[in-house]
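> Provided below for reference: sequence and predicted model.
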Amino acid sequence: MDLNIVKDCDLERYITDIMLDIGVPAHLKGYHYLRDAILLSGRDMEVASSVTKLLYPTIARHFRTTGPKVERAIRNAIEVSWNRGNAETFEKVFGYSMLSGRTRPTNSEYIARIADKVRLDIKAM
């Protein structure tokens, strides 16, 4: 199944479930930006390889803010989920967690890995 034919609401719900399981708090601005980033990257992985030039400005326009604010909010959401989130889910999705002593993934690694997981899971359906 192709990601482009899956209904947006179903895809958003699936991404939301992953994010909540990892431990991204829904009250953070970065939560909403991150969900959009994963959705956009899942549909076009080229976007994930150019976060500062394509992804952040696209999300910033959507939410009427700036690219640097989007980047900072996403970084904060990832940091919070890394420190307080579900280590087992991190191990499953990323292959490592805070418990293994590694540093948190970068914004682009985090977005690309979850977008790839979503794409692969949808194809398997």
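Nice, thanks for sending it over.

> if I read this right, T58 contacts L39, doesn't it?
No: counting by C-beta atoms under 8 Å, T58 does not reach L39; the two are 10.8 Å apart. Bear in mind the C-beta positions are built from the backbone N, C-alpha and C, glycine included.

> got the buried residues for the host helix or strand of R119?
Applying DSSP states H and E as the criterion places R119 in helix 107-124. Neighbour-count burial for helix 107-124 flags 107-108, 110-119, 122 (criterion: 16 or more other C-beta atoms under 10 Å).

> what would the residues you listed look like in CSV with distance to D21 and pLDDT?
Formatted as CSV, the buried residues of helix 107-124 follow (distance: C-beta to C-beta, whole Å; pLDDT from 0 to 100):
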residue, distance to D21, pLDDT
N107, 19, 95
S108, 21, 93
Y110, 14, 94
I111, 16, 95
A112, 18, 93
R113, 14, 93
I114, 11, 93
A115, 16, 92
D116, 16, 91
K117, 11, 90
V118, 13, 89
R119, 17, 87
I122, 17, 81
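
> with those residues in mind, which one is nearest to S50?
S108 (9.0 Å; C-beta to C-beta).

> What sits closest to that closest one if chain neighbours are left out?
In this structure, S108 finds its nearest non-sequential neighbour in V51, 4.9 Å apart by C-beta to C-beta, 6 or more residues apart in numbering.

> Relative to G101, how far out is the one you found?
Counting by C-beta to C-beta, to the nearest Å, the gap from V51 to G101 is 26 Å.

> For the two, indicate the residue with more neighbours.
Applying other C-beta atoms under 10 Å to V51 and G101 shows that V51 carries more neighbours, namely 22 against 7.

> okay, the more buried one: pLDDT?
V51 is assigned a predicted lDDT (pLDDT) of 89.

> you'd agree it is up against E109?
No: with contacts counted by C-beta under 8 Å, V51 stays clear of E109, the gap being 10.2 Å.

> Same list (the buried residues of helix 107-124) but as a markdown table, adding distance to G85.
As requested, the buried residues of helix 107-124 are exported to a markdown table (distance: C-beta to C-beta, whole Å):
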| residue | distance to G85 |
| --- | --- |
| N107 | 16 |
| S108 | 19 |
| Y110 | 11 |
| I111 | 16 |
| A112 | 18 |
| R113 | 14 |
| I114 | 12 |
| A115 | 18 |
| D116 | 19 |
| K117 | 15 |
| V118 | 17 |
| R119 | 22 |
| I122 | 23 |
